Structures are given as structure tokens and as C-alpha cells.
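Engineer: Sequence plus predicted model, see below.
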Amino acid sequence: MDKLELIAPCVFGLESVLKNEIQQLGYTITQVEDGRVTFEGDTKAICRSNIFIRTAERILLKVGTFKATSFDELFEKTKALEWERYLTKDSKFWVTKASSIKSKLFSTSDIQSLVKKAIVDSLKKSYNIDWFSETGEEYPIRVFLLKDEVTIAIDTSGESLHKRGYREMTSGAPVSETLASGMIQLTPWNKDRVLIDPFCGSGTIPIEAAMMGANIAPGLNRAFQSENWSNIIDKKSWFSAIDEAHDIMDDSIELDIQGYDIDENVLKGARHNAKLAGVDHLIHFQRRDVKDLSSSKKYGFIITNPPYGERMGTKESIKTLYNDMGNVFRNLDAWSYFVITSYEDIEKDFRKSATKKRKLYNGMLKTSYYQFYGPKPTKK
């Protein structure tokens, strides 16, 4: 298979970051939509995008797109797709998820069962058989309907790509690994600058920053659904992508990344997670209240996911916390700070307007990413 179209879903608000990541891997973007980016690549692109991309939720192999306003049309056009190109006669396949937005066909359960039946009919004809054992490799299928346009794809990732394999211990309401990486990439931070997360919780933001600084591929220590799809991807492509990831990794680098929290038990979990990620030697975790945050260094970065309304008890406690944060951050000379929150009075309590503000979703919660830029370092 020389040329494929791949779809990378992402957190709403991270499309530009994801697009840049895909282009950095050398692939051509064909479409950018809310919550997903489509691009072209070969079979090796399936391996490399799963292993290297930090902000995608999964990588989907696009089978086809068409318009359907009736179930008959959905069935016939699904059946007409080249399923024999992707599925063997013993493949185990099912429609793991269907979604419908602003479309005439809206019953997701009916869509799932009909698409499965259409694929079976298509393969019966292609392989000239009447019964499928479904004892072979697994191929989860996803169906998206948007304004009557149907997109059908096969999930190459399996478990969501935010599951890097290191976060065994979590604290309340953490950001996902993909969102944390996106938050970092939306800043000018680089491995030569100090980074502090004063509400580090399970350590996700410092760990993602350390992995980026050491050039550790996010998918290096996990498995993928498509690893055994020998009919589509040669094993050599996987080995080549893994070798590439090892070749560019530099975990001997020196970084100044710090994670603080007031709960020592939470910090134990963060240290455990950092060790699993292979970056525990690159991060300094310490029990510290945000009111005690200080640094003699300049031009540093604060990137954090503090408590907010949905995660704290009273409005008074929230307001006090954000006032404390504002006072501390203003005293950090020439620093930049980046805060994801649903708390709407942050600029008022910080007594400063954000340089930029971006809508992001933390899980199902609509939040804003407030970006307060400090001055750029003077050139040496």
C-alpha cells in the first residue's frame, strides 16, 4: 500500500499543534477540522505517527468517505468500499464506535450494526465465502457522520495514545498526557529554560516536558493494535520506527524541570510515574505550597493545571488561591506563566490581562488556556 490517508483525532483546540507535529514527521496535511487532522502517508507512517506524535488521541486508517442520507445509501456505499484491501478473510472486526452530528442518520447503534453487515457482505463477495471465522487479527472500525458525510476508518492504535504506559498513579482531575504535551507545545519553552508546575499532581506536565526535552518518543513503551497487521504493515516498518526513536533519544541531557505540590502522597505517585517514563532523573519533585514559590532565575516558565471551580469546595477558597497565585507569579521577574482553568476571574485576580487565551477541553470540561508572556531573554 503505497499511499494511505490517515486521520488523527485530538483534543479540541490542539489542531494547530497536531498539524505541526505531523508536518515535522514529513507528511502532507490534506484536511484540518475541529478535533482532527487528516494527512497522507505510506504504511510506515502508521508506525511513526503512533510512536512519535504527542497530541493525537489515536491514528485511524481511512477506508472511505461518502454522503449518505438513508440507511440504504449507508449500506450500499459502505459495501462498495475496498474492504479486501484492509481485511483478510479471517479478520475479527467490529464497529467499536459511531458518532453522528447534524446528520439525518442519528441512531448510532443502528449505524454500527448496518456498517458491520455491509462489510460482511462486501467480504463475502470478495473472498467468495459465506462464513467468517473471525479468528485472525483484530480490526476495530470507527464511523463518523457530520452533516450527512460519512467517514469510515480502522483504528490502528487500540488504546488511546494518551496512555503512554507511565501514569499508574493519578490525583484528582489531572490533565491527560496528550493535553499536557499540547499545553507545553503552545508555549515557547525549550529544554534550555527552567519549567515549574506548582500544582503538579501526578506529574503529567513535568513528565511530558522531560520526555520532550530528552526527545523520548511518547509511544516507545506501549503496544498498538496494528502491530500484527501483516497484511497491511511489514514488521520491518515497526522495527525501523522503533530504531529511529532510540537513535534520537538523549536521556543524558540536563534539564531544569520542577514539580511542586502540597500533598506528599501525591508527589510519591508523581515520582513513581516519572520513573516509569524513564525521566525521574530529569525532574525535581518537592512538597511546596504555591505561596512559597520563588526562584532567583529569570525567563522561566510556569505551566500548570491548578484547582478550579469543579475541583474545589467554595468560591472564597478559589478566589484566595488565585490571588495567591497572581501575587507569586508577578514576583517572578521576567517569567512567563500558562494556566489552564475554567475559573473565569483569573485575569481579575491576577490583576493582569493574558497575552493570549485559547479554548481547550480538559476531558469533557470546557476550559481556557491563559497565556501570560514575559519578556524574551536578552541575547548573549
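Structural biologist: Yes, it's here.

Engineer: For Ile253, pull up the helix or strand it's in.
Structural biologist: If you go by DSSP states H and E, Ile253 is not part of any helix or strand.

Engineer: no wait, Lys97
Structural biologist: Judged by DSSP H and E, Lys97 forms part of strand 92-101.

Engineer: where do the strands sit along the stretch 51-200 of the chain?
Structural biologist: 60-67, 92-101, 138-146, 149-155, 195-197 (DSSP state E, counting those that start in this stretch).

Engineer: of all these, which gets the most neighbours per residue?
Structural biologist: Among those, strand 195-197 has the highest mean neighbour count (mean count of other C-beta atoms under 10 Å), at a mean of 26. For every residue, glycine as well, the C-beta is placed using N, CA and C.

Engineer: List the contacts of that one.
Structural biologist: 189, 205-206, 209, 256-260, 293, 295, 300-305 (C-beta atoms under 8 Å, 6 or more residues apart in numbering).

Engineer: likewise stretch 280-293?
Structural biologist: 196, 198-200, 203, 206-207, 210, 213-214, 251, 253-255, 257-264, 267, 270-271, 274, 306, 321, 324-325, 328, 332.

Engineer: can you tell me the distance between the two ends of that stretch?
Structural biologist: Distance across stretch 280-293, first residue to last, is 21 Å (C-alpha to C-alpha, to the nearest Å).

Engineer: That stretch: which residues count as buried?
Structural biologist: By neighbour count on 16 or more other C-beta atoms under 10 Å, the buried set for stretch 280-293 is Asp280, Leu282, Ile283, Phe285, Arg288, Val290, Leu293.

Engineer: Filter those down to just the ones in strands.
Structural biologist: Using DSSP state E, the subset of the buried residues of stretch 280-293 located in strands is Ile283, Phe285.

Engineer: Dump the buried residues of stretch 280-293 into JSON lines; add pLDDT and distance to Ile184 as well.
Structural biologist: Listed next are these as JSON lines, based on pLDDT from 0 to 100; distance: C-beta to C-beta, whole Å:
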{"residue": "Asp280", "pLDDT": "97", "distance to Ile184": "18"}
{"residue": "Leu282", "pLDDT": "98", "distance to Ile184": "14"}
{"residue": "Ile283", "pLDDT": "98", "distance to Ile184": "13"}
{"residue": "Phe285", "pLDDT": "98", "distance to Ile184": "17"}
{"residue": "Arg288", "pLDDT": "96", "distance to Ile184": "21"}
{"residue": "Val290", "pLDDT": "95", "distance to Ile184": "19"}
{"residue": "Leu293", "pLDDT": "95", "distance to Ile184": "19"}
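
Engineer: hang on, the earlier thing: filter the contacts of strand 195-197 to the buried ones?
Structural biologist: Among these, those classed as buried by 16+ other C-beta under 10 Å are 189, 205-206, 209, 256-260, 293, 300-305.

Engineer: between these, which is nearest Lys102?
Structural biologist: Closest approach between those and Lys102, by C-beta to C-beta: Asn305, at 32.0 Å.

Engineer: contacting residues around that closest one?
Structural biologist: For Asn305, the contact set (C-beta under 8 Å, 6+ apart) comprises 173-175, 180, 183, 197, 199, 201, 205, 339-341, 362.

Engineer: and if you look at Arg54?
Structural biologist: So Arg54 contacts Glu21, Thr178, Ser181, Gly182, Gln185, Glu208, Met212, Pro218 (C-beta under 8 Å, 6+ apart).

Engineer: now with 10 Å?
Structural biologist: Applying C-beta atoms under 10 Å, 6 or more residues apart in numbering to Arg54 gives the contacts 14, 17-18, 21, 161-162, 164, 177-178, 180-182, 184-185, 208, 211-212, 217-219.

Engineer: Over to Thr78?
Structural biologist: Taking C-beta under 10 Å, 6+ apart as the test, what Thr78 contacts is 63-64, 66, 68, 111, 114-119, 121-122, 141, 143, 150, 152.

Engineer: From Leu60, how far off is it?
Structural biologist: As judged by C-beta to C-beta, to the nearest Å, Thr78 and Leu60 stand 16 Å apart.
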